[in-house]
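Novice: curious how this folds, go ahead:
(2 chains)
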Amino acid sequence: MKSGTYISGIGHGFFILWALFGGFFLSTEKPVPLQATDVSLITMAEFAALTPPDVPPVVQFDDPQPVEATPEDTAPEVAPTPDEPPVLPVPDEVAAPELDVSPPEPEVAPEPPVEDEEQPVIPTPPVLETPPVIAEPDEVATPAPAPRVAPEPAAAPEPDTEVAETETPPVAPDETAETISEETPATAPQEAATEIVTEAETPASAAPVRSMRPTARPARPDPVVAQDPTPPSDAVADAVAEAVASTTPSPPARPTGPPLTGGEKEGLRVAVQKCWNVGSLSSEAISTTVVVAVAMGRDGRPDTGSIKMLSFSGGSDGAAGQAFAAARRAIIRCGAKGYDLPVEKYSQWQDIEMTFNPEKMRIK
Amino acid sequence: MRLIKSVTLALVCLCAAQIATAQNGPLRIEITEGVIEPLPVAVPDFIAENPAAQDVAVNIARVIASDLSGTGLFREIPHDAFISQITSFSSPVQYSDWKAINAQALVSGAVSVASDGRMTVKFRVFDVFSDTPLGDGLQFGGTTGSWRRIAHKVADVVYSRITGEGGYFDSRVVFVSESGPKNKRLKRLAVMDYDGANLQYLTDASAIVLAPRFSPAGDRVLYTSYETGFPRVNILNVGTVKRRALDVQAEALTFAPRFGPDGNTVVLSLSQGGNTDIYKTTVNGGDLQRLTSTPAIETAPGFSPDGKRIVFESDRSGTQQLYVMGANGGEATRISFGKGRYGTPVWSPRGDLIAFTKQANGRFHIGVMRTDGSEERLLTASFLDEGPTWSPNGRVIMFTRESKGAAGARALYSVDITGRNLRRVSTEGAASDPAWSPLLK
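Specialist: Numbers count the residues shown, from 1 in each chain, chains lettered A, B, ... in the order given. Sure, this is the predicted structure:
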C-alpha cells in the first residue's frame, strides 16, 4: 500500500515538474526573429551642426593634390585636374585656406597649388548631398562651457536670493489678506552653468571660521597599588605623573548610539561636494584619489588643524598634494557654517574619513 | 545540509564583522561629484617700494591677473570687494579677510626700481583656506623694459604652485600676419608674446610665407617661403632676423618643416617628380634621408617629444589619415579611423596626446587623441579651424579660425584641451599659422 502511494506520488511529482520546466529545457523552438532599426534622437543644434551651413573652403593638408570624395567626406573639394597641369607663375596670393604649406608644382606639377591666386579657375566645389550622419559621441564637439560646472544645472538666482539647497519662492506680506504672513527670504540653489556671482555681491560672513578642537578628557589614573606602606611624597614625581596622565592619549572613543541614516550621510556628502572644485587641478591631480581624515566639532564645523591626508592612489606625490589641497578647501569652505549633522549622534561623526575620487569628474 | 549551514554561518559572521567594523571606525563617505569652476584668486596691486616703481607695480599685477584669468582656471576677485589691503610685503596676511570674500588664493608682491633702471619684483602666493603660504617667496630681477616678461614669469610660478603643472605665459608665438583684401593678401612672419603683446615682424610682405615652426630653444624658426616662386624651406634666426634657405636638393620643392627635439634635425616634405614624401635632414641641409616611399602624398611630419617617433598625414589609404612611424622611417601605423579627413598632426609636449585638424560633415574641428589613436575628442567646430599648436605645458591649443563669407578673416584662437575656455587671441589684423615657442629661458 505504501509502495503504491510512494510510486504514485513520485510519478505525479515528475509529471508536474516536467509540465513546469520540461518545455523550458527541451524546447527547441527558436525565437521569432525581429527586425530592429536603430533610431537616434538628435537635437536641433546637432542637426544644424550636421547640415553644411555653407560651402566651406577646400582645405588641403599640406599638399594641394585633390583627394577623391568618399561618401563619408561631405566637405566640398577642389575639382582635380591631374591630366592638364597648368604652368604656374610665381604665387603671390593665397586664395584658399590651407593647413600647412601647399607647394605649387613646376611645369610638371600634376595639379595646381591651392595657395596660388593666379592659378586657373577652380570650379566651385559642389556640396555632396548626403543624409545627415549622426556623429559618434566622441565626435561631437564640446560646446563652450559655463564658468561653473556642477552636477545639477541651475539658473542664475535673483540678486537678493540667498543660496540654499532647495528653491523656495519668496513670500511677501499681503495687505489684502486677513492674516499677516511672515516675510521669508527667497532661497535658490547656487547658480551653476550660467555666470558666477562676484565676491562683491556676496555678503561677508561675520561668523567665526575656526573653532578649537575639543580637548580629550584626561585618562583616569590607575588606582595605586600600595606596595610600600608609606611611600614618600614627592611633589615633583606627582607633577610629572599628572602631566603624563594628562597627555596620555585616550583610547579612540567608540561610537555609541544609533548610526547616521543614509539620508544624513548623503546630506554630508552633497554638502562637501558642492565646494569640491577640481577645475584648477592638473591632469595628473585629477586622476588622483585621496583619503582625508577630519575631526569635527559638535557644532558641525571641521577642525581645520586636524585635516590630514591618510592615503592616495593614482598619482605622484605632487599630484596628491594638489588633490589634497582641493579636498581640504572643500571641507573647510562648506563647513564654515557647520555641516547639518545630528548633534545627538556626535559620537558617530566626530571623526570622518572622506575619500575624494575624481574619476567621474575627469570626463566632464 | 552541512554545507548550507556552514555557508550561512560564514555569512552571518561576515555581516557581524562588517557591522562591528563600521561602528568602531570613523564615519566614512566617498565624494565622487564635484564642481568645475574657476578658482577665485585675489591679486592686489603690488607694492611700490619707491616712487619709480609706482606704475610698473600696478601693471605687473594686472598682467599676472590677466594671465591667470585667461586660462579659464582662475577668476580674479574685483579689487572693490577687498576687505583689507596689502600695505606691506612683509606684514602678516589677514586670512580671515580674504576668506570672507571667498578668495582661495592670494598673490602679493612688491616692486622696487633702482637708479640704474634695474627692477626687482618679489612675490608670495598664499593658500587662504589653509592659512599658509604656497611655497617660499621668490623674486625676479630685470630692467624696467622687461616688466611684462617678469610679470609672465611670476604668473607661471603662481599657476604652477596652484595647479601642479607648468605654466605657459612666458612664451612667444610666431605666426603669419595677413593684411590686404582676401584676394590679394599680403603675408609676413611675425612673432609676439603669447597674449599678443610685443609684436615684431620678421619678414616683409614681398613673398608668401607659410607654416613657421619654432626650434626647441625658441631661437630659430623654420618656415616655407615662395621667394623663388616655388616653395622652399628657410631657416631664420629670431634674434638677428637673418635667414637662409635650407640647403636641400635645389630642384625639389620642400615644405612643411619641423625641428626635431635636438634642434639640429629637421623633418620636411619633399616633392619631386610629382611624388611627395617625408625626408629627414639637418639644419645645414646635409645627410638627407628619405623616410617614406609610397606613391601617396605624405606630409606634415612632426617628432614626438623624445624624438623616437614621427607622426604625419598620408592619403595612402584613399583619404587623408594620420600615421606614426619610427624616427628613421619604416613601417607606419595608422592611428586615425574616424569618419572624415585628418591632417596637421602635432605631438603634445607631454607626449601623451596628438592634436590634429579634422574635416567631416562639412565642418572643421580641432581635436586630440592618444598617440595610439584612442580617445579621440573634438574640441572645436566651425566653418574652418586648422593648424593646431601646443602651449609649452601641453594644456592649451592655439589654432587658426576663419569666418565664412567674402569678408571672412583669419584669426588665432586658443582652447583648453578640455574643450573649455575657447577665446580669440589678440592680434593686429588677420593672422594664421601659429606656432607656440617653448618657455623662454
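Novice: helix or strand with the lowest mean pLDDT in chain A?
Specialist: None of the helices or strands of chain A scores lower by mean pLDDT, DSSP states H and E than helix A:23-26, at a mean of 52.
Novice: can you tell me the element A:Asp340 falls in?
Specialist: Per DSSP states H and E, A:Asp340 falls between elements, in no helix or strand.
Novice: what sits against it?
Specialist: Listed by Cβ atoms under 8 Å, 6 or more residues apart in numbering or on different chains, the contact partners of A:Asp340 are A:Gly267, A:Leu268, A:Ala271, A:Gly300. Placement of C-beta: from N, CA and C, glycine included.
Novice: same deal with B:Thr224?
Specialist: Contacts for B:Thr224 (Cβ under 8 Å, 6+ apart) come out as A:101, A:103, B:209-211, B:231-234, B:254-257.
Novice: and it, helix, strand or coil?
Specialist: strand (DSSP: H, G, I helix; E, B strand; the rest coil).
Novice: equivalent analysis for B:Ile366, please.
Specialist: strand.
Novice: the nearest residue to it once chain neighbours are set aside: how many residues sit nearby?
Specialist: Counting by Cβ to Cβ, 6 or more residues apart in numbering or on different chains, B:Thr380 is the residue found nearest to B:Ile366 once chain neighbours are left out, at 4.5 Å. Counted with other Cβ atoms under 10 Å in any protein chain shown, the neighbours of B:Thr380 add up to 23.
Novice: also B:Ser374?
Specialist: Neighbour count for B:Ser374, taken as other Cβ under 10 Å: 10.
Novice: can you pull the contacts of it?
Specialist: Shown in contact with B:Ser374 (Cβ under 8 Å, 6+ apart): no residues.
Novice: SS state for it?
Specialist: Of the three states, B:Ser374 takes coil under three-state DSSP.
Novice: now it: phi and psi?
Specialist: Dihedral angles of B:Ser374 (phi, psi; degrees, to the nearest 10) stand at phi -80, psi 170.
Novice: give me the pLDDT value at it.
Specialist: Note on B:Ser374: pLDDT of 94.
Novice: how close does it sit to B:Ala411?
Specialist: Per Cβ to Cβ, to the nearest Å, B:Ser374 is found 32 Å from B:Ala411.
Novice: before we move on, the earlier item: which of the contacts of B:Thr224 fall within strands?
Specialist: Among the contacts of B:Thr224, DSSP state E puts B:Val209, B:Leu210, B:Ala211, B:Arg232, B:Val233, B:Asn234, B:Thr254, B:Phe255, B:Ala256, B:Pro257 in strands.
Novice: distance of the fourth one from A:Val270?
Specialist: This means B:Arg232. Counting by Cβ to Cβ, the gap between B:Arg232 and A:Val270 amounts to 63 Å.
Novice: more crowded one of the two?
Specialist: Per other Cβ under 10 Å, whichever of B:Arg232 and A:Val270 has more neighbours is B:Arg232, with 21 against 14.
Novice: and the nearest residue to that one once chain neighbours are set aside, what's its pLDDT?
Specialist: Excluding its sequence neighbours, the residue lying closest to B:Arg232 (Cβ to Cβ, 6+ apart) is B:Ala245, at 5.2 Å. Model confidence at B:Ala245, given as pLDDT, is 92.
Novice: quick check, B:Ala65 in contact with B:Glu76.
Specialist: Yes - using Cβ atoms under 8 Å, B:Ala65 is in contact with B:Glu76, at 4.6 Å.
Novice: gap between the two ends of stretch B:178-194?
Specialist: Stretch B:178-194 has an end-to-end distance of 18 Å (criterion: Cα to Cα, to the nearest Å).
Novice: as a whole number, average confidence for that stretch?
Specialist: 89.
Novice: most neighbours out of the contacts of B:Thr224, which is it?
Specialist: B:Ala256 (33 neighbours).
Novice: the residue in chain B positioned nearest to chain A pairs with what?
Specialist: For chain B, the residue closest to chain A is B:Gly343, as judged by Cβ to the nearest Cβ, at 2.7 Å. Note on B:Gly343: beta-bridge partners by DSSP bridges are B:Thr357.
Novice: would you mind measuring from it to B:Phe312?
Specialist: From B:Gly343 to B:Phe312 the distance is 10 Å (Cβ to Cβ).
Novice: what is the neighbour count of B:Thr333?
Specialist: 12.
Novice: cool, B:Ala52 as well?
Specialist: Using other Cβ under 10 Å: B:Ala52 sits among 17 other residues.
Novice: just the one 5 residues further on next, same as before
Specialist: By other Cβ under 10 Å, the residues close to B:Ala57 number 24.
Novice: in three-state terms, label residue 286 for me.
Specialist: Answering for chain A, as no chain was given. Recorded secondary structure, A:Ile286: helix (three-state DSSP).
Novice: my question was about chain B
Specialist: B:Gly286 is classified as coil under three-state DSSP.
Novice: now the residue nearest to it when sequence neighbours are not counted: how far from B:Gly285?
Specialist: Nearest residue to B:Gly286 in three dimensions, chain neighbours excluded: B:Asp247, at 7.5 Å (Cβ to Cβ, 6+ apart). From B:Asp247 over to B:Gly285 the distance is 3 Å, taken as Cβ to Cβ.
Novice: before we move on, what about A:Ser282?
Specialist: A:Ser282 is 41 Å from B:Gly285, by Cβ to Cβ.
Novice: neighbour-wise, which of the two wins?
Specialist: A count of neighbours by other Cβ under 10 Å puts A:Ser282 above the other of A:Ser282 and B:Gly285, at 22 against 17.
Novice: ok, the more buried one touching A:Gly321?
Specialist: No - with contact defined as Cβ under 8 Å, A:Ser282 does not reach A:Gly321; the gap is 10.8 Å.
Novice: thanks again, I'm all set now.
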